[in-house]
Structures are given as C-alpha cells and as structure tokens.
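Engineer: need a 3D model of the following:
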Amino acid sequence: MEDRALADYRDGLKPAQRRLMWTAKELKATWDNKTVKSARITGDCMGKYHPHGSAYGSLVTMATSEYPIIHGQGNWGSLTDGPAADRYTEAKISQIGMKMLECMDVADYIPNYTGEFKEPIVLTTRLPNFFINECAGIAVGLNCNIPAHNLKEVVEAMKVVVKKGKQTKIKDIMKYLKGPDYKYGGKILSTPEEIQQVYEKGEGTIKYECDYTLVKDKKNVLLTVTGYCPGFSPNTFITKMISMIDDGTVLYVNDSSTKNEPCKLEVSIKNEADFESKIHKHLIKSETYRYYAIERTKSKDITKDVDTTVIIPNMIELMNKWVDWRKEVETKMCEVEKNIYEDKKQKMNWRLIASQNLKVVVKGLEEKDPVKYIAENMPGIKGKTFAMDAAKYICDQKVISLQKIDQDKIKKDITDFGNHIKSLENDIAHIENVVLRELDNLKPFYKERMLKV
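Structural biologist: Next comes the predicted model:
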C-alpha cells in the first residue's frame, strides 16, 4: 500500500507514474518524436505493467505539474476545469522528462505482473524530480504531502550537499532554498525560521496568501486576484463570493482568466471594510507538509520482486540520500562507458597490428587452423592472454580492408580512446564532480520563482 501511495525519493514517482513513463518510452513517445494518444499510453500501461486500472489521472498529474515530465497536447484541464478524456488528448515525454531516462542502462529491472516484460524498479534520473514536483498520497497510517520547489534553488542546494555531504546544515541549503514554489503565484507569509523548522523536522505548516490588488472608485472597491497560492481553489472562492451577493457585501464576481493569464478573478466589493473583515481571510491558506518517501530495492526473497522501506526524513537526510544514490549511478555509467571504449581501443589496436603484419595474416589463411597460426605468430599478440580472441577478431576482418587502413589515423584514434578512458577513470575517482556537472546541465530548464517570499 505504501508503494502505491508514496513516491520513491530517487525518481520522485509512484509505481503508476513510473510505469506510464516506461510505457511512453517503449512506444517511442519521446521528445524528439510525435505525440501519441493518451489512451494508447494508459491502455498499454494497464495491459503490460499496471493491471489495477487506467492511470490517466497520474498521466494528467505529470503533464500539469510544476516541471512537467510529460508533454501534453490538447485539453489537460486547469485549476477550475478537469481534463478531457484520454481518447481526446495526446502526450509524449517532455524535454525535461528525458533527463529521467538518461541512465537507464544501469537501472535494476524486475518482471512485470505476467512475467512477460521487464520494468525498472526506479528510473535512474538525473533530474531531482522528488524535490521539484509536489507529491501527495495517503497510505495505511501515513499521510504524505510534499510541496514543489524551484529547480534552480534545488540544484544550488544539492551542490552544497555534494560538497559538504553529512556536514551540511539546514542553514547551508536555506541560503538557496527559499521555500516551496508554485506556478500560479501567491506569496509565503511564514518566516524563514518557520520554513526552516519544516525542513529540519520533515513536517510542519507553511502559511500563504494570494496575490491581489484593490482599486477604489467613487462607490465600490474592485478586488482582482492575480496569483493563486497553494491550497487556494478558484471555484470554492467564487462560490463563497456568490453567497455574499445576497447580503450586499459583494456586487459581482467574475472569472476573467485566459490561457495567457490563468490567474484573474475580479470581485466588486461594496466597501473596503468588508474586504478586511469578510473576504481577505479566504485569500490566506495554510498547508501542512510531511516529507515521507519510500525506497524500493530488488528483493532477495524469491517469492517477491521488490522490497519497500518507508523513510521519514528531514530535507538534509533526503538530499544526502539522493546525492549518494546519484554517485552510485554515475559511477556505474562511467564504468559502462569505460568498458565500451576499452573494447574499442583493443580492437582498434588489433586491426593496426594486423595491417602492419599482413604477411602473417595471408600466411595464416593458408593454414588448416588460421586462428591458431595467427595467435602463435602475430607480433604484439603472440604470448598474450588475449591471443586467441585477437586472432579470431583478425580472421573476421577482410584482408583488403586491413590493407587499406590509414595507420596514422588509427593511431590517432587509439590515442584519443586512451585519453577518453583516462578521463573516465578520473571521473570515477572524483565522481562528485560528475554529479555537479550533471546538475549544472539542468540550467536550460530553470524558471523564475513564482511564489514570492
């Protein structure tokens, strides 16, 4: 139950969301391709990975979040209206969402519910999705509510954690992490000290207020709400204002929002005193947060696939765990790439040796066992542990292609491969620099803070 309701701190996704992302990738609904029908994504997901029902609600959440990892086309709803059905909308993985899939070569996979397909335990993301997109869920005895944050602030705070590790204090990250962010605006009324308490304890309450203006004319006052703070519902507010028309407090209320101006409510009030005594309180909201998360791991129990551990951390503990995990992932990525380049360099070297000793190759082809002859007679290969592997590789090459090799170019390529391998070895030795580099690569996705501090 916790697995379905709480997000994993590493990729910030619940199972339904993770399976939708994986399904979209399998359907090639990626940023560089066309969108596909949402019903196709949710249908394939349900059939292959998520038999509990359509996960369209989860797809909508990912497409309308602070930093949407799904790019939606069509009517995906708003604060006042629900989305169109999945047969009418289309979707694909967004450009920032592609950062979630860059390290899947080193992900752990488990069988799906039928055993026919494989699905990842978590997405090995380079995007700190858990920290930038809000998440809410209710499990047995657990209630999780995590606010969205500004990507730039999270990245700068993460960089401090990478450098200081377990020595990081809340005040260190608070230099950059000013508090939650919200795409519809508003402002934080809680003090920095109160926000710090939430981060230190992993739970607490933050108070917000909507953005608004009051303009007086000769008779009335026009209230215009231009930013909706977290917890504010335009529909609920409009209903409340309509109820105040009967007693003469409000003259009219109008939702003037548009696609380009999503936050605009106009309320004509009889006098300013009524605003302060009866209306202002409806523009102030408090949200209670709890930073609960889970950690999914491959089970050692053969009767099940995944073990889940509930984590009740504060912000520093969460960030440290995420950074430590990122170091593990980047180390594996470097090792995979290093192995690829070592193999390329070795085979390139064998081709160079063969091109320099064509007589041995030609003579070997006249023997009953060409592989054995080349392994025992080729300079630079004979006597080596890899002699037979090298001889087999050389025998698979065309003699004319070996004859036409540009030896200067191949020597340069071997040198370049060697330098790249040394660079990867240096990255492995200083893996924290790789984590910092990948965090800096998120700069194209930065957005201005919308929730004023």
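
Engineer: every contact and neighbour count from this point should use C-alpha atoms.
Structural biologist: Noted.

Engineer: let me see the ranges of the helices in the stretch 201-350 of the chain.
Structural biologist: 234-243, 272-274, 315-356 (DSSP state H, counting those that start in this stretch).

Engineer: so which elements touch the last one?
Structural biologist: Judged by 3 or more C-alpha pairs under 8 Å, 6 or more residues apart in numbering; DSSP states H and E, the packing partners of helix 315-356 are helix 151-164, helix 192-201, helix 387-395, helix 399-403, helix 407-429, helix 431-440.

Engineer: tell me which helix or strand comes right after that helix.
Structural biologist: Remark: after helix 315-356, the chain's next helix or strand is helix 358-365, criterion DSSP states H and E.

Engineer: got the contact list for that next one?
Structural biologist: Helix 358-365 has contacts (C-alpha atoms under 8 Å, 6 or more residues apart in numbering) with 354, 370, 371, 373, 374, 377, 378, 395, 399, 402, 403.

Engineer: what does stretch 297-311 give?
Structural biologist: Here stretch 297-311 has contacts from 2, 3, 108, 110, 111, 121, 292, 293, 294, 295, 296, using C-alpha under 8 Å, 6+ apart.

Engineer: most neighbours, which of these?
Structural biologist: For the contacts of stretch 297-311, counting by other C-alpha atoms under 10 Å, the largest number of neighbours falls to residue 293: 29 neighbours.

Engineer: that one and residue 143, how far apart?
Structural biologist: Relative to residue 143, residue 293 is positioned 10 Å away (C-alpha to C-alpha, to the nearest Å).

Engineer: on that earlier part again, please identify the most buried of the helices of the stretch 201-350 of the chain.
Structural biologist: Stretch with highest mean neighbour count among the helices of the stretch 201-350 of the chain: helix 315-356 (a mean of 19; mean count of other C-alpha atoms under 10 Å).

Engineer: any low-confidence regions in the stretch 1-150 of the chain?
Structural biologist: Along the stretch 1-150 of the chain, segments meeting pLDDT under 70 span 1-3, 139-141.

Engineer: can you list the low-confidence ranges for the stretch 301-450 of the chain?
Structural biologist: Ranges of the stretch 301-450 of the chain meeting pLDDT under 70: none found.

Engineer: do that again at 90, thanks
Structural biologist: The model of the stretch 301-450 of the chain has pLDDT under 90 over residues 301-314, 364-368, 383, 397-406.

Engineer: all strands for the stretch 1-150 of the chain, in order.
Structural biologist: 36-37, 70-73, 90-93, 109-111, 118-120, 135-139, 142-146 (DSSP state E, counting those that start in this stretch).

Engineer: mind putting the ones you listed into a markdown table with distance to residue 267?
Structural biologist: Shown next, in a markdown table, are the strands of the stretch 1-150 of the chain (distance: least, C-alpha to C-alpha, whole Å):
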| stretch | distance to residue 267 |
| --- | --- |
| strand 36-37 | 40 |
| strand 70-73 | 32 |
| strand 90-93 | 36 |
| strand 109-111 | 54 |
| strand 118-120 | 50 |
| strand 135-139 | 32 |
| strand 142-146 | 31 |
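
Engineer: for the stretch 151-300 of the chain, which segments count as strands?
Structural biologist: According to DSSP E, counting those that start in this stretch, the strands that the stretch 151-300 of the chain contains are 187-188, 203-209, 211-216, 221-227, 250-255, 265-269, 284-290, 293-298.

Engineer: now residue 402: how far from residue 388?
Structural biologist: 19 Å.

Engineer: again but with residue 212, I slipped
Structural biologist: Residue 212 is 78 Å from residue 388, by C-alpha to C-alpha.

Engineer: what of residue 39?
Structural biologist: 54 Å.

Engineer: same question for residue 184.
Structural biologist: On the measure of C-alpha to C-alpha, residue 184 and residue 388 end up 66 Å apart.

Engineer: run a quick neighbour tally on the closest residue to residue 242 other than its chain neighbours.
Structural biologist: Nearest residue to residue 242, sequence neighbours excluded (C-alpha to C-alpha, 6 or more residues apart in numbering): residue 253, at 6.9 Å. Residues contacting residue 253 under the criterion other C-alpha under 10 Å number 22.

Engineer: residue contacts, residue 253?
Structural biologist: 238, 241, 242, 265, 266, 267, 268.

Engineer: pretty sure the third one is touching residue 252, no?
Structural biologist: Yep, that's residue 242 we're talking about. Yes - using C-alpha atoms under 8 Å, residue 242 is in contact with residue 252, at 7.4 Å.

Engineer: from residue 443, how far off is residue 452?
Structural biologist: 21 Å.

Engineer: okay, those two: which has more neighbours?
Structural biologist: Higher neighbour count among residue 452 and residue 443: residue 452, with 19 against 12, using other C-alpha under 10 Å.

Engineer: who touches stretch 331-338?
Structural biologist: Under the contact criterion C-alpha under 8 Å, 6+ apart, stretch 331-338 has outside partners 103, 105, 106, 421, 424, 425, 427, 428, 431.
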